[in-house]
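Structure of the sequence below:
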Amino acid sequence: MKTMTSWKERLLPLGAAMLSTSVASAQTAVAAAPAPASMETVYLLLAVAVLQVVIILSLSGILRTLGGTGTVWADYLKGRRAAVVLALLGSVTTADLHAATGLTTTLVTVQALMWWMIAINVILFAIIVGQLSVVRGMARTLSGKEEVDTRMADEGPTFADTVLQRLTRSVKVEQEKDLLMHHEYDGIRELDNVLPPWWLWLFYGTVIWSVVFLLNVHVFDIWPTQEEEYRQEMAQAKAEVDAYLAQFAGMVDETNVTALTDAAAIAGGRATFDAYCKACHGGAGEGGVGPNLTDDHWIHGGGVQNVFKTIKYGVPEKGMIAWKAQLKPAEMQAVTSYILTLHGTDPPNAKAPEGELWKEATTTAPVDSAAAIAVDSAAVAVLK
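Residues are numbered from 1 along each chain as shown. As a prediction, the model looks like this:
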């Protein structure tokens, strides 16, 4: 009884410290993770805790039968298990009542109770693991299995040792004198060790693989050569680059738009023009409700950027809507390019020019100084 009391005095403060630490960790976790907990989870954890208590009591009985002293927790819980269960049920009922009625309390919440139950289950599980370890050790001692294992270890190497020996063919230090070669240099004598089997099998594997590679690549043409693999990978890379650039095909605005010249784009722009622009600007761009698109005059500026901007944002005060809500940037670029191809076509029944004369800004080529001097010299000669 004195020994039992000393064990209690040692273990109970440790258990209390573990419980307080677990509770503090649980409360910290509750503050950090505000995910709601359900009463079903609390009830499940309560059932697991009760089951673990029963297992602890059962293992304590087994230890008592085997002559052990690992019954401290059983003796502690035996007189208090009813109170513990009632306390757990009371706290669960209180939390369930508050959850059902919508009341709040700072003492017991469903979330805090769930973490309490998790901490208790962890402690009980640790006790069960310790008891199982003690039971296993006592059972091995009573059954004499340890002596059998020791005798088997003395009789020969284990399976792992046998496998390692076959892979390395290493020689023990006390047997190296049988492998010494006859010559020595500077007091150093060489051992006649064999190559490790793992290294030999790796070398044999490379030889076998070279034969397989040679037959499949250069004889039967089953696998592609390095040149063919290069071409395939380059084609795949080009397809991936094209797919990547296609994602940015629609990212066209009035700052970076350019006139398209390929027939497919012009045809697409004409189809869009016939569908949305023909009613106001005429089938050939001669003008109608809207201005003529074939002459040199533009109300809102000519050129690809200005025309694109006019189509995109529209001219609401003159009845032209903003087409950016109905047409994609690529479609507006195509119809802009088609409109630019109408310049100078001079269709019949063309509407009178409107707006200002538009000329594309061009960069003036630098004048050759030598040519300029020659011209000036000729002019001076003529004047003379």
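
burial measure for V257, as a count.
Using other CB atoms under 10 Å, V257 is surrounded by 20 other residues. Every residue, glycine included, has its C-beta placed from N, CA and C.

element containing L245, please.
Counting by DSSP states H and E, the element that carries L245 is helix 226-246.

Following element in sequence after that helix, please.
Using DSSP H and E, the helix or strand that follows helix 226-246 in sequence is helix 263-276.

who touches the following helix or strand past that next one?
Next helix or strand after helix 263-276 toward the C-terminus (DSSP H and E): helix 278-281. For helix 278-281, contacts defined as CB atoms under 8 Å, 6 or more residues apart in numbering pick out 273, 287-293, 320.

what does stretch 309-327 give?
With CB under 8 Å, 6+ apart as the contact definition, stretch 309-327 has outside contacts at 253-254, 272, 276, 280, 289-290, 300-301, 332, 335-336.

what about burial for those, which qualify?
The neighbour-count test (16 or more other CB atoms under 10 Å) marks 254, 272, 276, 290, 300, 332, 335-336 as buried among these.

So among the residues you listed, where is pLDDT lowest?
In this model, the minimum pLDDT among those belongs to E254 (88).

Need phi/psi at L180.
Taking degrees, to the nearest 10, you get phi -70, psi 130 for the backbone angles of L180.

give me the number of residues near it?
L180 sits with 12 neighbouring residues when counted by other CB under 10 Å.

One more: V135?
Considering only other CB under 10 Å, V135 is surrounded by 16 other residues.

Spatially, and excluding backbone neighbours, which residue is closest to it.
Using CB to CB, 6 or more residues apart in numbering and skipping the chain neighbours, the partner closest in space to V135 is I62 (5.9 Å).

ok but the one you found is inside a helix, no?
Yes: assessed with DSSP: H, G, I helix; E, B strand; the rest coil, I62 lies in a helix.

Pull the helix holding L245 out as PDB, backbone CA atoms only.
Extracted in PDB, the C-alpha atoms of helix 226-246 (Å, rounded to 0.1, in the frame of the first residue of the first chain):
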ATOM      1  CA  GLN A 226      17.400  11.400 -80.200                       C
ATOM      2  CA  GLU A 227      16.900  13.500 -83.400                       C
ATOM      3  CA  GLU A 228      13.200  12.400 -83.600                       C
ATOM      4  CA  GLU A 229      12.700  13.000 -79.900                       C
ATOM      5  CA  TYR A 230      14.100  16.500 -80.500                       C
ATOM      6  CA  ARG A 231      11.700  17.200 -83.300                       C
ATOM      7  CA  GLN A 232       8.800  15.900 -81.400                       C
ATOM      8  CA  GLU A 233       9.600  18.000 -78.300                       C
ATOM      9  CA  MET A 234      10.100  21.100 -80.500                       C
ATOM     10  CA  ALA A 235       6.800  20.600 -82.100                       C
ATOM     11  CA  GLN A 236       5.100  20.100 -78.700                       C
ATOM     12  CA  ALA A 237       6.900  23.200 -77.400                       C
ATOM     13  CA  LYS A 238       5.700  25.300 -80.400                       C
ATOM     14  CA  ALA A 239       2.100  24.000 -79.800                       C
ATOM     15  CA  GLU A 240       2.300  25.000 -76.200                       C
ATOM     16  CA  VAL A 241       3.700  28.500 -77.000                       C
ATOM     17  CA  ASP A 242       0.900  29.000 -79.600                       C
ATOM     18  CA  ALA A 243      -1.700  27.900 -77.000                       C
ATOM     19  CA  TYR A 244      -0.100  30.300 -74.500                       C
ATOM     20  CA  LEU A 245      -0.100  33.200 -77.000                       C
ATOM     21  CA  ALA A 246      -3.700  32.500 -78.000                       C
END
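
where does this structure dip in pLDDT?
Along the chain, segments meeting pLDDT under 70 span 1-38, 66-108, 144-156, 249-250, 361-384.

And the helices in the stretch 101-250 of the chain, which stretches?
Along the stretch 101-250 of the chain, counting by DSSP state H, counting those that start in this stretch, helices occupy 110-143, 145-155, 159-168, 197-214, 226-246.

Which parts of the stretch 251-384 of the chain are strands?
In the stretch 251-384 of the chain, the strands defined using DSSP state E, counting those that start in this stretch lie at 297-298, 356-357.

right, and those strands - which one's nearest Q111?
Among these, the nearest to Q111 by CB to CB is strand 297-298 (69.9 Å).
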